[in-house]
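Q: quick one, fold the following:
(one chain, ligands or ions: 1)
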Amino acid sequence: MSRPRGDRDGTNRSGSNRDRSNRSGTDRSNHRSGPGRGSRNDPKVRDKAVDPVRETARDVLRAVRERDAYANLVLPKMLRERHISGRDAALATELTYGAARAQGILDAVIAAAANRPVDEIDGRLIDVLRLGAYQLLRTRVGAHAAVDTSVDLVRSESGIGPAGFVNAVLRKVSQRDEELWVDQLAPSMADDLVGHLAFRYAHPRWIAEVFYDALGGSFGQLQAALAADDERPPVHLVARPGFITAEELALTSGGEVGRYSPYCVYLPGGDPGDVEAIRQGYAGVQDEGSQLVARAVTVADIGTDGGRWLDMCAGPGGKAALIGALADIDNAHLDAIEVSEHRADLIRGVVRDLPVDVHVADARDVTAHTGLEPGFDRILLDAPCTGLGSLRRRPEARWRRQPTDVPELVALQRELLTEALRLVRPGGVVLYSTCSPHPAETTDLVSSVLESVTAARQLDARPIVGATELGEGPHVQLWPHIHGTDAMFLAALTRS
Ligand SMILES: C[S@@+](CC[C@H](N)C(=O)[O-])C[C@H]1O[C@@H](n2cnc3c(N)ncnc32)[C@H](O)[C@@H]1O
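A: Residues are numbered from 1 along each chain as shown. Take a look at the predicted model:
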C-alpha cells in the first residue's frame with residue numbers, strides 16, 4: 001500500500017435520548033391505506049407484495065433468534081445480496097438494530113397486548129411482532145404502515161390466521177405510546193428504580209445493576225448511561241497516523257474532527273464503506289474510546305523505549321492497526337497475538353505495510369507458544385470480556401449475555417494479566433483494557449492481580465488518556481453518556 005508518510009500527531013510529512021427526531025422516521029409506506037379503510041383492513045382479501053426492507057429486517061431478526069447470528073454481520077451481507085442501498089438500507093438498519101436493542105420492552109408490550117407470554121408465540125411471528133412494535137413505539141413510521149407491512153409479511157409466509165393474530169396484537173400495541181406502556185408495565189419508580197430504568201431503556205436488569213455499581217450508586221448517572229446506551233450509536237472513524245490526518249479525513253468524508261482522540265472523525269451519517277480513505281486503507285471505523293486506549297499504550301512515559309511492543313489479544317486488529325501505525329513512526333515493532341486463526345487473518349488485513357508480526361497463539365503462555373521472550377517495553381492487554389461497554393454497537397448482545405458468563409472471563413483475564421506482567425520489562429508499561437465497565441472485570445480484577453504479583457504496581461492512567469472528566473483515578477472508565485465513547489476501562493501497570 002503506497003501512502004504519504006506522517007508524524008504521530010497525524011501531520012503528513014509530505015505537508016499534505018432518545019430524541020424521537022433522532023430515530024429513523026422514514027415512512028416509506030405511508031401511501032398505503034391502513035386498517036379501517038376498505039378491503040385492506042381485512043387480511044383475508046389482501047394480496048400484496050411484501051416490503052423488501054421489512055422482509056430483510058425480519059430475516060435478520062430471525063437469524064439472530066434461530067442461529068445466534070450477529071445482526072451487524074448478517075445485515076450488511078443481506079443488504080448487498082438483495083441490492084438494497086441508500087435510504088432503504090438506512091431504514092432496514094434502523095429497524096433491525098432498533099428492534100434487536102429494544103427486545104425487552106417490545107416483548108413486554110407484545111405479551112401484554114397478546115395476553116400471553118412471548119415464549120408461547122411462534123418464533124416467526126415474534127420476529128415480525130417485534131419489528132412492528134418497534135415501528136409503532138419508537139419511530140415516526142405511521143401506525144397503518146407499521147401494521148400493514150407486518151401483516152403482509154406474515155400473510156405471505158404463514159397465511160391468513162397468523163396474519164389476523166399479528167394484526168390484532170399490533171393494533172392493540174398501537175393504542176398507546178411507549179410512555180403509556182412503560183407506565184403500565186415497568187416496575188414502579190418508588191419501589192424499584194433500577195428495575196424501572198432497566199425496563200424503560202431496554203436493558204436486562206442485571207446489566208443495569210452492573211452499571212449502577214460501576215457508576216458509584218448514582219441513579220442520575222445510571223439513567224443517563226442507560227439512555228445513551230439505548231441510542232443509535234455514532235459512527236467514529238480513525239485516521240491512521242502517517243496515512244491521513246483527522247482534518248483531511250473530516251474534510252473528505254464530510255465528518256467532524258473528534259473531541260479527544262487526535263485521529264478521530266465523527267461521521268454524521270451515510271455508509272462508512274463509501275468513504276474513499278477507508279477504501280484505500282488510510283482510515284477505518286473505530287470507536288474513539290478504543291483509539292484513546294491504543295494511543296495511551298504508545299505515549300506512557302517509560303524512559304528509554306527499546307521499541308519492543310506487544311498486543312496480547314489483538315483480533316480483529318483495530319487497536320493493532322493504530323498502534324502499528326504509531327510504531328512505524330516511532331521506529332518500534334509490534335508483535336500481535338491472537339488465539340483465533342480467523343481473527344488473526346483479520347489483523348493481517350489491517351496491518352499490511354506496518355512493522356507488525358501476527359502470531360496465532362494462546363497469550364496465557366506467550367513464550368511457550370510463540371518463542372517471544374519477556375522484556376517488552378509496552379504491552380496492551382485488551383482482554384476478552386463481556387462487552388457490556390459496547391452494547392449500543394452490538395444490538396442483540398444485551399439480551400444474549402448472561403451473568404454466568406462473567407466468572408469464566410474473569411479467570412481468563414487474571415491469567416492474561418499475570419502473563420503480561422511477566423512479559424513486561426521492569427519500568428515498562430502494561431495497559432489492561434476492557435470494553436466493559438463491570439467491576440469484576442475491571443477494578444476488582446486489577447486489584448486481585450496486584451495482590452498476587454507483588455513486583456507490580458498501578459500507575460495513574462489519566463494523563464495518558466487525553467480526555468476530560470476522568471474521575472479520581474488511577475484507572476480510567478470512559479462512558480457513552482459522559483465521553484460519547486464506548487464504556488472502555490483502562491488501567492496502567494508497571495513492575496520493578
Ligand atoms: C476484546 S478482543 C480484542 C480487540 C482488539 N484489541 C481490537 O481492538 O480489535 C479480545 C480478543 O482476544 C482473543 N483471545 C481470547 N482468548 C485469548 C487468548 N487466550 N490468547 C490470545 N487471544 C485471545 C479473542 O479471540 C479476541 O479476538
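Q: how close does the residue in the stretch 1-150 of the chain that the ligand sits nearest to get to Leu215?
A: Here the stretch 1-150 of the chain gets closest to the ligand at one residue, Tyr70, 13.9 Å apart by CB to the nearest ligand atom. Every C-beta, even on glycine, is put in place using the N, C-alpha and C of the backbone. Using CB to CB, to the nearest Å, one gets 28 Å for the distance from Tyr70 to Leu215.
Q: the more surrounded of these two?
A: Leu215 (21 against 17; other CB atoms under 10 Å).
Q: leaving out sequence neighbours, find the closest residue to the more buried one.
A: On the basis of CB to CB, 6 or more residues apart in numbering, the spatially nearest residue to Leu215 that is not a chain neighbour turns out to be Gln221, at 4.1 Å.
Q: and the gap between that neighbour and Ala202?
A: For Gln221 relative to Ala202 (CB to CB), the value is 18 Å.
Q: who has more neighbours, those two?
A: When Gln221 and Ala202 are compared on other CB under 10 Å, the one with more neighbours turns out to be Ala202, at 22 against 17.
Q: per-residue confidence for the more buried one?
A: Ala202 carries a pLDDT score of 98 in this model.
Q: is it fair to say it lies in a strand?
A: No. Counting by DSSP: H, G, I helix; E, B strand; the rest coil, Ala202 is not found in a strand; it is coil.
Q: which stretches of this structure form strands?
A: 235-239, 256-257, 264-267, 283-285, 308-311, 333-338, 356-360, 376-382, 424-434, 456-459, 476-477, 489-495 (DSSP state E).
Q: may I have stretch 87-98 as PDB, with CA atoms only?
A: Output in PDB follows, covering the C-alpha atoms of stretch 87-98 (Å, rounded to 0.1, in the frame of the first residue of the first chain):
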ATOM      1  CA  ARG A  87     -32.300   5.300   2.200                       C
ATOM      2  CA  ASP A  88     -33.800   1.800   2.100                       C
ATOM      3  CA  ALA A  89     -30.600   0.300   3.600                       C
ATOM      4  CA  ALA A  90     -30.700   3.000   6.300                       C
ATOM      5  CA  LEU A  91     -34.300   2.200   7.100                       C
ATOM      6  CA  ALA A  92     -33.600  -1.600   7.200                       C
ATOM      7  CA  THR A  93     -30.600  -0.900   9.500                       C
ATOM      8  CA  GLU A  94     -32.600   1.300  11.900                       C
ATOM      9  CA  LEU A  95     -35.500  -1.200  12.100                       C
ATOM     10  CA  THR A  96     -33.300  -4.200  12.500                       C
ATOM     11  CA  TYR A  97     -30.900  -2.800  15.100                       C
ATOM     12  CA  GLY A  98     -33.600  -0.800  16.900                       C
END
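Q: next, the buried residues of it.
A: Neighbour counts over stretch 87-98 (16 or more other CB atoms under 10 Å) mark 88-98 as buried.
Q: any idea how far apart the tips of stretch 176-193 sit?
A: Its first and final residues considered, stretch 176-193 spans 23 Å by CA to CA, to the nearest Å.
Q: low-confidence ranges, this protein, go.
A: 1-48 (pLDDT under 70).
Q: so what's the residue nearest in space to the middle of it up against?
A: For the chain, Arg393 is the residue whose C-alpha lies nearest the centre (CA atoms, centre = their mean; 2.4 Å). Applying CB atoms under 8 Å, 6 or more residues apart in numbering, we find Arg393 in contact with 72, 233, 287, 486.
Q: distance of Leu310 relative to the ligand?
A: 11 Å (CB to the nearest ligand atom, to the nearest Å).
Q: my read: that residue touches Gly375, true?
A: No. The pair Leu310 / Gly375 is not scored as a contact, 10.0 Å apart, by CB atoms under 8 Å.
Q: residues shared between the contacts of these two?
A: Leu423.
Q: more neighbours: which of these two?
A: When Leu310 and Gly375 are compared for neighbours, Leu310 comes out ahead with 30 against 13, by other CB under 10 Å.
Q: separation between that one and Ser452?
A: According to CB to CB, Leu310 stands 21 Å off from Ser452.
Q: residue contacts, the nearest residue to Val299 once chain neighbours are set aside?
A: Using CB to CB, 6+ apart and skipping the chain neighbours, the partner closest in space to Val299 is Ile464 (5.3 Å). Listed by CB under 8 Å, 6+ apart, the contact set of Ile464 reads 296, 299-301, 492.
Q: now do 7 Å
A: For Ile464, the contact set (CB atoms under 7 Å, 6 or more residues apart in numbering) comprises 296, 299-300, 492.
Q: give me the longest helix you can find in this protein.
A: Determined from DSSP state H, the single longest helix within the chain is helix 406-423.
Q: contacting residues around it?
A: 310, 312-313, 363-366, 374, 376, 379, 381, 383-386, 430, 432, 438, 440-441, 445, 448-449, 453, 456, 493, 495.
Q: now Arg378, nearest residue through space, not along the chain?
A: Closest to Arg378 by CB to CB, 6+ apart is Trp309, at 4.6 Å.
Q: fine, thanks again, bye for now.
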